[in-house]
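Participant: dropping the sequence and predicted coords here.
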Amino acid sequence: MGKVISYIFISIAALIVAYFLFRGISSWAQGYSWQEMDWQQRGSTSISDFFAASDIGKREIIKNGKKCIEYYAYKDGLPIKIVCPP
C-alpha cells in the first residue's frame, strides 16, 4: 500500500514539474524581452507575467498614424496592451 501511494505522489509531482517546464519553454520560445512581458504595465515583470507570455501574441498595428505593437491573447484575439513609439 505504501508503494502505491508513493508511486501516485511521484507521478503527480512529475506531471506538475512537466507542466511548468512546458509552460516555461513555451514562454521563452516567444522571444519577448523581460521588459515586454510586463503585461499589466506595473513597471516590473513577475514570474506569472513570464508564464503568461506563452498565451500572448504580437502584431503590428497602425494607431493614430503611428506604427505600434499590439500584444493580444491567443484565446480570443483581444488586446492585452499596445505599445507605440513616443
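Facilitator: Good, I have the coordinates.
Participant: how about the strands in this structure?
Facilitator: 56-63, 66-73, 79-83 (DSSP state E).
Participant: can I get those in TSV with mean pLDDT and mean neighbour count?
Facilitator: The C-beta positions use only the backbone N, C-alpha and C, and glycine is treated the same way. What follows is the strands of the chain, written out as TSV (pLDDT from 0 to 100; neighbours: other CB atoms under 10 Å):
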stretch	mean pLDDT	mean neighbour count
strand 56-63	94	12
strand 66-73	95	14
strand 79-83	94	13
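Participant: can I get those in TSV including distance to residue 18?
Facilitator: Below are those laid out as TSV (distance: least, CB to CB, whole Å):
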stretch	distance to residue 18
strand 56-63	22
strand 66-73	24
strand 79-83	27
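Participant: for residue 10, find the nearest of those.
Facilitator: Among the strands of the chain, strand 56-63 comes nearest to residue 10, with 33.0 Å by CB to CB.
Participant: output the contacting helices and strands for that closest one.
Facilitator: In this structure, strand 56-63 packs against strand 66-73, strand 79-83, with contacts taken as 3 or more CB pairs under 8 Å, 6 or more residues apart in numbering; DSSP states H and E.
Participant: make JSON lines from those strands and add distance to residue 9 to it.
Facilitator: Formatted as JSON lines, the helices and strands packed on strand 56-63 follow (distance: least, CB to CB, whole Å):
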{"stretch": "strand 66-73", "distance to residue 9": "35"}
{"stretch": "strand 79-83", "distance to residue 9": "37"}
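Participant: okay, now residue 14: neighbour count?
Facilitator: Using other CB atoms under 10 Å, residue 14 has 10 neighbouring residues.
Participant: from residue 25, how far out is it?
Facilitator: From residue 14 across to residue 25, the span is 16 Å (CB to CB, to the nearest Å).
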